[in-house]
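Trainee: sequence first, predicted model second:
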Amino acid sequence: MPDVTNIVGRPFPFKQNRCRTERQTCFVTLFCKQLQTRAGARTLSLMHRLFVGLRPPPAIRKLLIDTMGGVPGARWQSDEQLHLTLRFVGELDRRTAEDAAHALASVYAAPIELRIDGVGRFESRGRANALWAGVRPHDAVTALHKKVDQALVRVGLVPERRAYLPHVTVARLGSASGPTDRWLADHAGLASQPFTLSHFMLFESYLGQGGASYEAVERYPFGG
């Protein structure tokens, strides 16, 4: 099986392993082995910050990158950071991370067809903190979000309580960021041709001074 390139640009060789369900093949063995060996004797206490997401194809990422600009102080997302979150998992110890990786292999869904549709912003306490591009239709990706959430709950994680809005974040905003109304107006009609996604992924997030970087650690193919 060819190497799969993760979103930080390094080849990540997924080792194929038959899943418990007959409907799908999962790719969890190598991730579990990595978790076991990353920190040697300290591995049991090492925490892994994880989330589940979808990776837009290159043409869609370029469309989003072309919108970036015009908001002073915004932290625009790089190509490597662009993704659609299905479920933020949070920080897990090694054993729970392994359980989560195996549980996600039980999720079954058909390939998803989406399109970019419009833009928006998130606010907290009256201040904008993110700009995003919307996706439609919502039904299939929302159903997948629920399946992912249910799989993680089965291994002891707390259910997702927040309302789910499928989107791709294009910028993070801070207190020093400029106004966003003009950007929202300029890109209100943002749209793409439909695109099909054949798998979802488990990512590990690393926080640094320049923001977060993401590494794809598992890939789960859709059926159908």
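Mentor: Now that the structure is in, tell me what you want to look at. Just so it is clear, the model here is predicted, and its values are computed rather than measured.

Trainee: ok, Leu104 - contacts?
Mentor: Cys26, Val52, Val148, Ala151, Leu152, Leu202, Glu218, Tyr220 (CB atoms under 8 Å, 6 or more residues apart in numbering). For every residue, glycine as well, the C-beta is placed using N, CA and C.

Trainee: what is the burial count for Tyr164?
Mentor: 15 (other CB atoms under 10 Å).

Trainee: spatially nearest residue to it (excluding sequence neighbours)?
Mentor: Excluding the flanking residues, the one nearest Tyr164 by CB to CB, 6 or more residues apart in numbering is His145, at 5.1 Å.

Trainee: list the buried ones in the host helix or strand of that neighbour?
Mentor: For His145, the host element (DSSP states H and E) is helix 139-153. Using 16 or more other CB atoms under 10 Å as the test for burial, helix 139-153 gives Ala140, Val141, Leu144, His145, Lys147, Val148, Asp149, Ala151, Leu152.

Trainee: which helices and strands does that helix pack with?
Mentor: strand 84-93, helix 94-104, strand 112-124 (3 or more CB pairs under 8 Å, 6 or more residues apart in numbering; DSSP states H and E).

Trainee: pull out the buried positions in the shortest one.
Mentor: Put plainly, it is strand 84-93. For strand 84-93, using 16+ other CB under 10 Å, the buried residues are Leu84, Thr85, Leu86, Arg87, Val89, Leu92.

Trainee: okay, and the beta partners of Gly53?
Mentor: Thr85, Met201 (DSSP bridges).

Trainee: correct me, but it touches Phe88?
Mentor: No: Gly53 is beyond contact range of Phe88, at 9.1 Å (criterion: CB atoms under 8 Å).
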